[in-house]
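Visitor: Quick one: sequence and predicted model below, then my questions.
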Amino acid sequence: MFVVISYDISEDKRRTKIHKILKSYGQWMQYSVFECDLTKTQYAKLRSRLSKIIKPNEDNIRFYFLCACCQGKVERIGGDMPRDTTVFFA
Amino acid sequence: MGTIYVTQEEAYIGKVDESLNIKADKKTVLDVPLIKVDGLVIMGRANISPAAISELMSRKIPITYLNFNGKFIASLEPDMGKNIFVRNAQWKAAGESAQAIHVTQGFVRGKLKNYRQSLLLAQRRYDLDLNSNITQLSNAIASLDQAKSINSLRGYEGAGSAAYFGCFNQLIRVDNFSFSTRNRRPATDSVNSLLNLGYSLLRHDIQGALNIIGFDPYLGYLHTERYGRPSLALDLMEEFRPLIVDAVVLAAINRRMLAPKDFITEPVSGAVSLTKEGLHLFLRLYQEKKLSKFKHPVMQKQYTYQESFEIQGRFLAKYLLGEINQYPPLVMR
């Protein structure tokens, strides 16, 4: 499933941690916005990892799910293109 | 899911949280979540951190080392499959047993039928006259059923391959490439160098699939034992060669995606290899082919070629364990 994740974290240290975790699951699109293509298990794991770190009364993280048909309708002007996951070169 | 190819000189592969981070000249060039990775191929010189190695192994992702020309050097793979029964059955069938003859027949039949299919297709598409080569292939296929020994099967395989490569040059539809005979170690023309690189990538993938199933890749039936030769991977490769590698090589040449300027010749040995841009293009084409879907003739469902490596391996295991009474090679119509 395709998830757009946005977060608002007040403390720098915690924000860096969350940013690092999210980078292991998806692509960083904008400041505090990620796009992730995950399986259910991967999503559950990510969610539980994040929920252990945040302080619910100060921070908030939102998960927006896009269905397969809406996913194709995402429009982007400028910025990074979504990553091609069939092959990577370095 | 994709494979990472590291071709950058002196790159450093590290692990940050659960992603692979590849650095060159102290700058990050690639940062990929490990959940998107199913293989790591290091071409040339690159460093990899111990933490990254252990993370890759625990996720059962193999690491392969190739040199600049794509020649295989080594691979680092997670623990062998624990299925001792498969390995036991594999060893019991070694040599001239009825089972070994049957599976060898399967491999050779799969390969030759796919060869014939690609010639028939080319004949129709380009309006060529390949009838004599196709007849030779059909004769070889027809004789397979009577073969009583593995050596005679090797003979038919040789005859069939000779018929196929005898007209391979006619399948190349552009002027600036040509093919005369197969050569390797080192390849001295560009078509052979592409074929060799493709076979070496395919071998890596199939060996990985065999390892997952629990086979010992070094004991084969069609290919005899030789020190360090993964014979079973080479055996299972036979039916996939025309379907994947030859198709990718021909497409790259005929669609003019690769040109002679994408190759470099080494002056002393005459070895031909791809330039970096050419290599990236070829690797991408190979990967796309591997992830393309087709309807599996036995399973009657859509699979990618990548998945079919494991499916064919599982068929082989089931046959050797006596769960099915025939090994069905992958033949495309």
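Guide: That came through, no problem.
Visitor: Could you confirm whether stretch A:75-90 reaches chain B?
Guide: Yes: using Cβ under 8 Å from any Cβ of the partner chain, stretch A:75-90 reaches chain B at A:83, A:84, A:85, A:86, A:87, A:88, A:89, A:90. Yep, even glycine has a C-beta here, placed from its N, CA and C like the rest.
Visitor: Show me just the buried residues among those.
Guide: Among the residues of stretch A:75-90 next to chain B, the ones that count as buried by 16 or more other Cβ atoms under 10 Å in any protein chain shown are A:83, A:85, A:87, A:88, A:89, A:90.
Visitor: Show me which pair in those is furthest apart.
Guide: Of all pairs drawn from those, the one with the longest distance (Cβ to Cβ) is A:85 and A:90, at 14.5 Å.
Visitor: Just the buried ones among the residues of stretch A:75-90 next to chain B: which are in strands?
Guide: Mapping these onto strands (DSSP state E) picks out A:87, A:88, A:89.
Visitor: The last one pairs with what?
Guide: The one in question is residue A:89. residue B:5 (DSSP bridges).
Visitor: got a list of what it touches?
Guide: By Cβ atoms under 8 Å, 6 or more residues apart in numbering or on different chains, the contact list for residue A:89 reads B:4, B:5, B:6, B:7, B:30, B:280, B:283.
Visitor: Who wins on neighbours among those?
Guide: Comparing the contacts of residue A:89 by number of neighbours (other Cβ atoms under 10 Å in any protein chain shown), residue B:6 comes first, having 26 neighbours.
Visitor: ok, it to chain A distance?
Guide: From residue B:6 across to chain A, the span is 5 Å (Cβ to the nearest Cβ, to the nearest Å).
Visitor: next SSE after the lengthiest helix in chain B?
Guide: If you go by DSSP state H, chain B has its longest helix at helix B:98-126. Next helix or strand after helix B:98-126 toward the C-terminus (DSSP states H and E): helix B:131-144.
Visitor: Counting by contacts, list what that next one packs against.
Guide: helix B:98-126, helix B:150-166 (3 or more Cβ pairs under 8 Å, 6 or more residues apart in numbering or on different chains; DSSP states H and E).
Visitor: now the helices for chain A?
Guide: Assigned by DSSP H, the helices in chain A fall at A:12-23, A:40-53, A:68-71.
Visitor: Which positions within the helix or strand encompassing residue B:253 qualify as buried?
Guide: Using DSSP H and E, residue B:253 maps to helix B:247-254. Buried residues in helix B:247-254, counted by 16+ other Cβ under 10 Å: B:247, B:248, B:249, B:250, B:252, B:253, B:254.
Visitor: what residues are up against the fifth one?
Guide: Which is residue B:252. Per Cβ under 8 Å, 6+ apart, neighbours of residue B:252: B:194, B:258, B:281, B:282, B:285.
Visitor: how near is it to residue B:262?
Guide: Distance, residue B:252 to residue B:262, using Cβ to Cβ, to the nearest Å: 9 Å.
Visitor: hmm, back to that, ok, the buried residues of helix B:247-254 vs residue B:49, which is closest?
Guide: Minimum distance to residue B:49 across the buried residues of helix B:247-254 is 32.8 Å, recorded for residue B:248 (Cβ to Cβ).
Visitor: Test my guess that the closest one contacts residue B:285.
Guide: Yes: Residue B:248 sits in contact with residue B:285 when judged by Cβ atoms under 8 Å, with a separation of 5.2 Å.
Visitor: any idea which residue sits dead centre in chain B?
Guide: The centroid of chain B falls nearest to residue B:202 when counting by Cα atoms, centre = their mean (2.0 Å).
Visitor: No further queries at this time; thank you.
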